[in-house]
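J.: next one to model:
(one chain, ligands or ions: 1)
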Amino acid sequence: MTLVAVSKTKPAEAILDLVAQGQRVFGENRVQEAQAKWPAIRAAHPDISLHLIGQLQSNKAEDAIALFDCIHSLDRPSLVAALAKAQDKLGKRVPCFVQVNIGAEEQKGGCAVADLPALLADAREKGIDVVGLMCVPPAGIEAAPFFALLDKLADDNGLSGLSMGMSDDLETAVQLGATHVRVGSALFGER
Ligand SMILES: *Cc1c(COP(=O)(O)O)cnc(C)c1O
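T.: Next up, the predicted model:
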């Protein structure tokens, strides 16, 4: 199980505290913020793995491929195309999780459950290394059924990675098979 320490909004000093304790996998949700914070830290700690966990605009795809080691928010055909083009241009392949809108919430990112097989086929055909599924379940209700559904969807589609679980529901996510938990406030304190 991989603990992705979500360092969005947190300054370099707070990140370096965790690095000193041995943490090596970090998550950011904005490309621009990550570009400002991470090159200096990584120059000193080349073994750090940096994951993008937030929504990605297609016009930032190339910056994202250049900077990140893993992307958790692939959720639509236009982004598949943009990431594939960026990968070809930069000669770099970045493992991706497909984000699923697991609670069918209108305001949330993620691909609809019904659209998942087609999106996966498109991504694989264009050379994206899809390693699993990611979700952010609806706030304020029991997360377990949504995690269980994500696990089933991954199974159905031959995927082993499950990026699920945040500070408030990480134990449930781990019990239900998470391979990556994305934890911010429980590690860094409130934002
Ligand atoms: C901020 C964020 C997290 C971490 O949330 P916490 O509640 O602080 O643990 C996890 N995943 C995504 C997509 C986020 O944006």
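
J.: backbone phi and psi for the residue in the chain positioned nearest to the ligand, please?
T.: In the chain, the residue that lies nearest the ligand is Gly184 (2.7 Å; C-beta to the nearest ligand atom). For glycine as for every other residue, the C-beta is placed from the backbone atoms N, C-alpha and C. Main-chain dihedrals, Gly184, degrees, to the nearest 10: phi -110, psi -80.

J.: name the nearest residue to it, ignoring sequence neighbours.
T.: Val6 (3.4 Å; C-beta to C-beta, 6 or more residues apart in numbering).

J.: re the thing from before, neighbours around the residue of the chain closest to the ligand, how many?
T.: Neighbour count for Gly184, taken as other C-beta atoms under 10 Å: 21.

J.: that one and Asp151: what is the separation?
T.: Separation of Gly184 from Asp151 (C-beta to C-beta, to the nearest Å): 23 Å.

J.: pull the contacting residues for the residue positioned nearest the centre of the chain.
T.: Nearest to the mean C-alpha position of the chain, counting by C-alpha atoms, centre = their mean, stands His72 at 2.2 Å. Counting by C-beta atoms under 8 Å, 6 or more residues apart in numbering, His72 makes contact with 27, 51-53, 96-97, 99, 134, 163, 180, 182.

J.: residue boundaries of the strands in this structure?
T.: For the chain, the strands defined by DSSP state E cover 2-6, 25-28, 49-52, 70-74, 96-99, 130-134, 161-163, 180-183.

J.: the first one near the ligand anywhere?
T.: I take that to be strand 2-6. Yes - Strand 2-6 lies within reach of the ligand by C-beta under 6 Å from any ligand atom, at Val6.

J.: ditto for the fifth one
T.: No - between strand 96-99 and the ligand, judged by C-beta under 6 Å from any ligand atom, nothing touches; the nearest distance is 8.3 Å.

J.: for that strand, packing partners?
T.: strand 70-74, helix 116-125, strand 130-134 (3 or more C-beta pairs under 8 Å, 6 or more residues apart in numbering; DSSP states H and E).
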